[in-house]
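Engineer: quick one: sequence plus predicted model below, questions after.
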Amino acid sequence: MDRASGNPLDEARNARELLVQVDLRRGRLRRSLAEALRVAIQDGRLPSGMVLPSSRRLAEDLGVSRGVVSDSFDLLASEGYLEVRPRTAPVVAAVAGPPAAAAERPPPS
C-alpha cells in the first residue's frame, strides 16, 4: 500500500476527522475504541487506504493513554482491519463490509 500518496484527503489528522462515535467508559476503553473503529471501517466511513492518526495523536485527542490506542490498533490489525507497521501511522486495510441483510436476499425458490 502506498502510504505517501500525497493526497491530504487520504489521511485523518485527528479523532474528529475519523467520523467515529466512541463511548469511552472506564474499564472498557480498549474494547470501545476498537469496536467504534471496526464499525466505521465496516460501514465504509473509514475507507480502505485511509491513514489513521498516530497512536499519540489519537490518544491526545480522545484524552486516553497511548496504550489504549495502541492496543486497539493491534487488535484491529490482528483481525485484518488495519495495517500496522513500527513507527508509522496505521492504514485501513481492504476488508469486506458486513454481510448483506437477509431482507435484501432473494427468497429461495
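Structural biologist: Now that the structure is in, tell me what you want to look at. Numbering: from 1, shown residues only.
Engineer: could you use CA atoms for every contact and neighbour count after this?
Structural biologist: Noted.
Engineer: quick one, strands of this structure?
Structural biologist: Counting by DSSP state E, one finds strands in the chain at the ranges 82-83, 91-92.
Engineer: including distance to residue 58, mean neighbour count and mean pLDDT, could these go into CSV?
Structural biologist: Shown next, in CSV, are these (distance: least, C-alpha to C-alpha, whole Å; neighbours: other C-alpha atoms under 10 Å; pLDDT from 0 to 100):
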stretch, distance to residue 58, mean neighbour count, mean pLDDT
strand 82-83, 15, 23, 96
strand 91-92, 14, 24, 95
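Engineer: out of those, nearest to residue 60?
Structural biologist: strand 91-92 (18.9 Å; C-alpha to C-alpha).
Engineer: could you name the helices and strands sitting against that closest one?
Structural biologist: Contact analysis of strand 91-92 by 3 or more C-alpha pairs under 8 Å, 6 or more residues apart in numbering; DSSP states H and E lists strand 82-83 as its packing neighbours.
Engineer: noted, bye for now.
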